[in-house]
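Engineer: Sequence and predicted structure below; questions after.
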Amino acid sequence: MTQPTDMRRARIRPLLLDLFCCAGGAATGYARAGFEVHGVDIAARPNYPFAFHRADALEYLATLIDSGEIRRYAFVHASPPCQHGCALTVGTNAARGWGRTHNQLIPALRELLEASGVPYVIEQPNGRAPVRRDVSLCGEMFGLGVIRHRWFELSGWRAVQPAHRPHRGRVRGWRHGRYFDGPYVAAYGAGGG
(Lines give C-alpha, C1' and ligand atoms only; values in the text may rest on other atoms or scores of the structure.)
Protein backbone atom coordinates (compact mmCIF):
# COMPACT_ATOMS: atom_id res chain seq x y z
CA MET A 1 0.00 0.00 0.00
CA THR A 2 1.28 3.46 -0.87
CA GLN A 3 1.87 5.98 1.87
CA PRO A 4 -0.17 9.20 1.80
CA THR A 5 1.57 12.32 0.57
CA ASP A 6 2.23 15.23 2.94
CA MET A 7 -0.82 16.95 1.42
CA ARG A 8 -3.10 14.04 2.27
CA ARG A 9 -1.73 13.67 5.81
CA ALA A 10 -2.36 17.38 6.46
CA ARG A 11 -5.76 17.23 4.70
CA ILE A 12 -4.73 20.08 2.41
CA ARG A 13 -6.53 19.93 -0.96
CA PRO A 14 -4.84 22.42 -3.32
CA LEU A 15 -6.68 23.09 -6.57
CA LEU A 16 -5.42 21.54 -9.78
CA LEU A 17 -6.65 22.60 -13.22
CA ASP A 18 -6.92 19.64 -15.63
CA LEU A 19 -7.00 21.07 -19.18
CA PHE A 20 -8.18 18.84 -22.04
CA CYS A 21 -9.36 16.49 -19.28
CA CYS A 22 -11.19 13.83 -21.32
CA ALA A 23 -12.56 11.09 -19.03
CA GLY A 24 -10.39 11.91 -16.01
CA GLY A 25 -7.62 9.31 -15.97
CA ALA A 26 -4.89 11.78 -15.01
CA ALA A 27 -7.28 13.62 -12.71
CA THR A 28 -7.93 10.47 -10.71
CA GLY A 29 -4.22 10.12 -10.00
CA TYR A 30 -4.00 13.75 -8.93
CA ALA A 31 -7.04 13.35 -6.68
CA ARG A 32 -5.47 10.28 -5.08
CA ALA A 33 -2.32 12.35 -4.48
CA GLY A 34 -4.42 14.91 -2.60
CA PHE A 35 -5.50 17.56 -5.11
CA GLU A 36 -8.99 18.92 -5.64
CA VAL A 37 -9.35 18.71 -9.42
CA HIS A 38 -11.27 20.93 -11.83
CA GLY A 39 -11.49 19.60 -15.39
CA VAL A 40 -11.95 21.49 -18.65
CA ASP A 41 -12.76 19.96 -22.01
CA ILE A 42 -14.46 21.14 -25.19
CA ALA A 43 -16.60 17.98 -25.32
CA ALA A 44 -19.22 16.97 -22.80
CA ARG A 45 -17.74 14.55 -20.28
CA PRO A 46 -20.72 13.26 -18.28
CA ASN A 47 -18.62 10.65 -16.46
CA TYR A 48 -15.81 13.01 -15.44
CA PRO A 49 -15.53 12.30 -11.69
CA PHE A 50 -14.68 15.85 -10.52
CA ALA A 51 -15.82 19.45 -11.01
CA PHE A 52 -16.11 19.99 -14.76
CA HIS A 53 -16.27 23.02 -17.06
CA ARG A 54 -17.24 22.51 -20.70
CA ALA A 55 -15.20 25.04 -22.64
CA ASP A 56 -12.36 25.48 -25.09
CA ALA A 57 -9.36 24.86 -22.82
CA LEU A 58 -7.22 27.67 -24.27
CA GLU A 59 -10.03 30.22 -24.03
CA TYR A 60 -10.88 29.09 -20.50
CA LEU A 61 -7.25 29.37 -19.41
CA ALA A 62 -6.94 32.84 -20.98
CA THR A 63 -10.07 33.95 -19.10
CA LEU A 64 -8.67 32.64 -15.80
CA ILE A 65 -5.41 34.52 -16.41
CA ASP A 66 -7.15 37.77 -17.42
CA SER A 67 -9.47 37.67 -14.39
CA GLY A 68 -6.74 36.67 -11.93
CA GLU A 69 -8.71 33.54 -11.01
CA ILE A 70 -5.76 31.40 -12.13
CA ARG A 71 -4.12 32.24 -8.79
CA ARG A 72 -6.60 29.88 -7.08
CA TYR A 73 -4.81 26.95 -8.72
CA ALA A 74 -1.63 25.39 -7.35
CA PHE A 75 -0.90 23.39 -10.51
CA VAL A 76 -2.04 22.88 -14.11
CA HIS A 77 -2.01 19.56 -15.98
CA ALA A 78 -2.55 19.78 -19.75
CA SER A 79 -3.03 16.91 -22.19
CA PRO A 80 -3.80 18.69 -25.45
CA PRO A 81 -4.96 16.66 -28.45
CA CYS A 82 -1.99 14.68 -29.71
CA GLN A 83 -2.96 13.77 -33.26
CA HIS A 84 -0.83 16.46 -34.91
CA GLY A 85 2.45 15.04 -33.57
CA CYS A 86 1.62 11.54 -32.32
CA ALA A 87 3.78 8.73 -33.67
CA LEU A 88 0.65 6.76 -34.64
CA THR A 89 -0.84 9.64 -36.61
CA VAL A 90 2.32 10.82 -38.34
CA GLY A 91 3.39 7.23 -39.02
CA THR A 92 0.82 4.57 -39.86
CA ASN A 93 -2.20 6.82 -40.31
CA ALA A 94 -0.41 9.32 -42.56
CA ALA A 95 1.20 6.55 -44.63
CA ARG A 96 -2.22 5.03 -45.27
CA GLY A 97 -3.91 8.36 -46.00
CA TRP A 98 -6.11 8.04 -42.92
CA GLY A 99 -7.20 10.85 -40.70
CA ARG A 100 -7.43 14.54 -41.30
CA THR A 101 -5.55 17.73 -40.67
CA HIS A 102 -4.94 18.33 -36.97
CA ASN A 103 -4.08 21.58 -35.21
CA GLN A 104 -0.99 21.81 -33.02
CA LEU A 105 -2.11 23.56 -29.82
CA ILE A 106 1.06 23.21 -27.76
CA PRO A 107 2.82 26.50 -28.66
CA ALA A 108 -0.27 28.59 -27.82
CA LEU A 109 -0.90 26.49 -24.70
CA ARG A 110 2.68 26.89 -23.48
CA GLU A 111 2.52 30.65 -23.97
CA LEU A 112 -0.62 30.86 -21.82
CA LEU A 113 0.76 28.52 -19.18
CA GLU A 114 3.95 30.56 -18.90
CA ALA A 115 1.85 33.73 -18.56
CA SER A 116 -0.17 32.09 -15.78
CA GLY A 117 2.82 31.81 -13.44
CA VAL A 118 1.44 28.49 -12.15
CA PRO A 119 3.60 25.32 -12.19
CA TYR A 120 2.46 23.01 -14.95
CA VAL A 121 2.99 19.84 -16.94
CA ILE A 122 2.16 19.24 -20.60
CA GLU A 123 1.73 15.54 -21.40
CA GLN A 124 1.98 14.00 -24.88
CA PRO A 125 2.60 10.55 -26.38
CA ASN A 126 5.86 10.01 -28.19
CA GLY A 127 6.15 11.39 -31.69
CA ARG A 128 6.80 14.83 -33.10
CA ALA A 129 4.97 16.95 -30.52
CA PRO A 130 6.91 20.13 -29.71
CA VAL A 131 7.27 19.37 -25.99
CA ARG A 132 10.44 19.22 -23.94
CA ARG A 133 11.10 15.70 -22.80
CA ASP A 134 11.82 16.54 -19.17
CA VAL A 135 10.41 13.19 -18.06
CA SER A 136 9.45 10.15 -20.12
CA LEU A 137 7.23 7.38 -18.79
CA CYS A 138 6.31 3.96 -20.15
CA GLY A 139 3.71 1.46 -18.96
CA GLU A 140 6.47 -1.09 -18.36
CA MET A 141 7.86 1.17 -15.61
CA PHE A 142 4.68 0.49 -13.64
CA GLY A 143 4.21 -3.19 -14.44
CA LEU A 144 1.40 -2.48 -16.91
CA GLY A 145 0.97 -4.62 -20.02
CA VAL A 146 1.17 -1.52 -22.20
CA ILE A 147 4.01 0.08 -24.12
CA ARG A 148 2.85 3.62 -24.74
CA HIS A 149 5.55 6.13 -24.00
CA ARG A 150 4.54 9.55 -22.74
CA TRP A 151 6.60 12.72 -22.60
CA PHE A 152 6.14 15.36 -19.93
CA GLU A 153 7.25 18.97 -20.17
CA LEU A 154 7.60 20.44 -16.67
CA SER A 155 7.71 24.10 -15.69
CA GLY A 156 7.97 25.58 -12.22
CA TRP A 157 8.95 22.23 -10.68
CA ARG A 158 11.20 19.23 -11.32
CA ALA A 159 10.93 15.46 -11.18
CA VAL A 160 13.50 12.69 -11.33
CA GLN A 161 13.47 10.57 -14.49
CA PRO A 162 12.67 6.97 -13.44
CA ALA A 163 14.76 4.20 -14.99
CA HIS A 164 13.23 2.72 -18.12
CA ARG A 165 12.68 -1.04 -17.89
CA PRO A 166 13.56 -3.08 -20.99
CA HIS A 167 10.56 -4.17 -23.03
CA ARG A 168 9.81 -7.92 -22.97
CA GLY A 169 8.55 -8.28 -26.53
CA ARG A 170 6.03 -6.89 -29.00
CA VAL A 171 2.57 -5.42 -28.75
CA ARG A 172 0.21 -8.19 -29.84
CA GLY A 173 -2.09 -7.51 -32.76
CA TRP A 174 -2.11 -6.79 -36.46
CA ARG A 175 0.64 -4.63 -37.92
CA HIS A 176 0.76 -3.97 -41.65
CA GLY A 177 -1.24 -7.10 -42.52
CA ARG A 178 0.64 -9.44 -40.20
CA TYR A 179 -0.33 -10.69 -36.72
CA PHE A 180 2.24 -10.52 -33.93
CA ASP A 181 1.99 -12.11 -30.50
CA GLY A 182 3.50 -10.51 -27.44
CA PRO A 183 3.01 -9.61 -23.78
CA TYR A 184 1.61 -6.11 -24.42
CA VAL A 185 -1.69 -4.63 -25.59
CA ALA A 186 -2.26 -1.43 -27.52
CA ALA A 187 -3.65 1.51 -25.57
CA TYR A 188 -5.40 3.42 -28.33
CA GLY A 189 -8.71 3.28 -30.20
CA ALA A 190 -9.63 0.39 -32.43
CA GLY A 191 -6.57 0.56 -34.66
CA GLY A 192 -4.26 -2.21 -35.81
CA GLY A 193 -3.88 -3.79 -32.36
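Structural biologist: On my side now, so go ahead. Predicted model only: the values in this text are computed from it and were never measured.
Engineer: make it CA atoms for all contacts and neighbour counts henceforth
Structural biologist: Fine.
Engineer: Which helix or strand in the protein has the lowest average pLDDT?
Structural biologist: None of the helices or strands of the chain scores lower by mean pLDDT, DSSP states H and E than helix 87-88, at a mean of 51.
Engineer: low-confidence ranges in this structure?
Structural biologist: 1-10, 83-102, 187-193 (pLDDT under 70).
Engineer: what are the ranges of the helices in it?
Structural biologist: Under the criterion DSSP state H, the chain contains helices at 6-9, 25-33, 57-67, 87-88, 94-95, 106-116.
Engineer: Kindly present those as a markdown table, with separate columns for distance to Phe142.
Structural biologist: Shown next, in a markdown table, are the helices of the chain (distance: least, CA to CA, whole Å):
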| stretch | distance to Phe142 |
| --- | --- |
| helix 6-9 | 22 |
| helix 25-33 | 14 |
| helix 57-67 | 30 |
| helix 87-88 | 22 |
| helix 94-95 | 31 |
| helix 106-116 | 27 |
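Engineer: okay, those in CSV with distance to Tyr179 and mean neighbour count next?
Structural biologist: CSV is the format used below for the helices of the chain (distance: least, CA to CA, whole Å; neighbours: other CA atoms under 10 Å):
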stretch, distance to Tyr179, mean neighbour count
helix 6-9, 46, 12
helix 25-33, 30, 16
helix 57-67, 39, 16
helix 87-88, 18, 17
helix 94-95, 19, 11
helix 106-116, 35, 16
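Engineer: Might one say that Ala31 is in contact with Val37?
Structural biologist: Yes. Ala31 is in contact with Val37 according to CA atoms under 8 Å; the separation is 6.4 Å.
Engineer: shared neighbours of the two, anything?
Structural biologist: The contact sets of Ala31 and Val37 do not overlap (CA atoms under 8 Å, 6 or more residues apart in numbering).
Engineer: Contacts for stretch 34-43, please.
Structural biologist: By CA under 8 Å, 6+ apart, stretch 34-43 touches 5, 7-8, 11-22, 24, 27, 30-31, 48, 50-57, 60.
Engineer: Next step: those restricted to strands.
Structural biologist: The strands, defined by DSSP state E, take in 15-19, 51-54 from these.
Engineer: out of those, which are buried?
Structural biologist: For the ones in strands among the contacts of stretch 34-43, a burial check counting by 16 or more other CA atoms under 10 Å picks out 15-19, 52-53.
Engineer: State the pair within the residues you listed that is farthest apart.
Structural biologist: Across those, the longest distance by CA to CA is 14.2 Å; it joins Leu15 and His53.
Engineer: Endpoints of stretch 141-154, how far apart?
Structural biologist: With CA to CA, to the nearest Å applied, stretch 141-154 spans 19 Å between its terminal residues.
Engineer: how distant is that stretch from the center of its chain?
Structural biologist: 10 Å (CA atoms, centre = their mean, to the nearest Å).
Engineer: mind listing what's buried in it?
Structural biologist: 145-148, 150-154.
Engineer: do the same with stretch 163-176
Structural biologist: Using 16+ other CA under 10 Å as the test for burial, stretch 163-176 gives 171-173.
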